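for reference, the sequence and a predicted model appear below.
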Amino acid sequence: MIRNKTQKNIISKNYSSKNAFGKIKGLIGEKTPRTIILKTRFGIHTFLLKFPIDVVILNKRNEVVKLKKDLQPNKCFFWNIKFNTVIEFPGGFLEKSKTKVGDTLEFT
């Protein structure tokens, strides 16, 4: 479960963590979007995705430092290399959850 401690709400009941090959594959080939967490340094791409995603970048204290709403297929998204925790959500998630820069997230 992912909880927004700042806003005191649950923003995702299910998620999976990706590393190694799973990180490279991400959501490529998936028919429907889902929430995944991965560690990577300065960017992601949505090449070969069939749906838009929302992206949250966290610092080491799990504070939201950057957001990207509605990242369309076949695009790239970059951020400062000092941040490496990325959460990919289904498109439209950020609007519904009202997650914003400065919020602190908690994982259980």
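Here it is on my side, so go on.

can you give me the helices for this protein?
With DSSP state H as the criterion, the chain has helices at 20-25, 93-97.

list the buried residues of the shortest one.
Taking 16 or more other CB atoms under 10 Å as the basis for neighbour counts, the residues of helix 93-97 that come out buried are 93-94, 97. For glycine as for every other residue, the C-beta is placed from the backbone atoms N, C-alpha and C.

adding distance to residue 42 and pLDDT, write the residues you listed out as CSV.
Shown next, in CSV, are the buried residues of helix 93-97 (distance: CB to CB, whole Å; pLDDT from 0 to 100):
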residue, distance to residue 42, pLDDT
93, 22, 92
94, 21, 92
97, 25, 93
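
bridging residues for the most centrally placed residue in the chain?
Nearest to the mean C-alpha position of the chain, counting by CA atoms, centre = their mean, stands residue 87 at 2.1 Å. Beta-bridge pairing for residue 87 (DSSP bridges): residue 37, residue 56.
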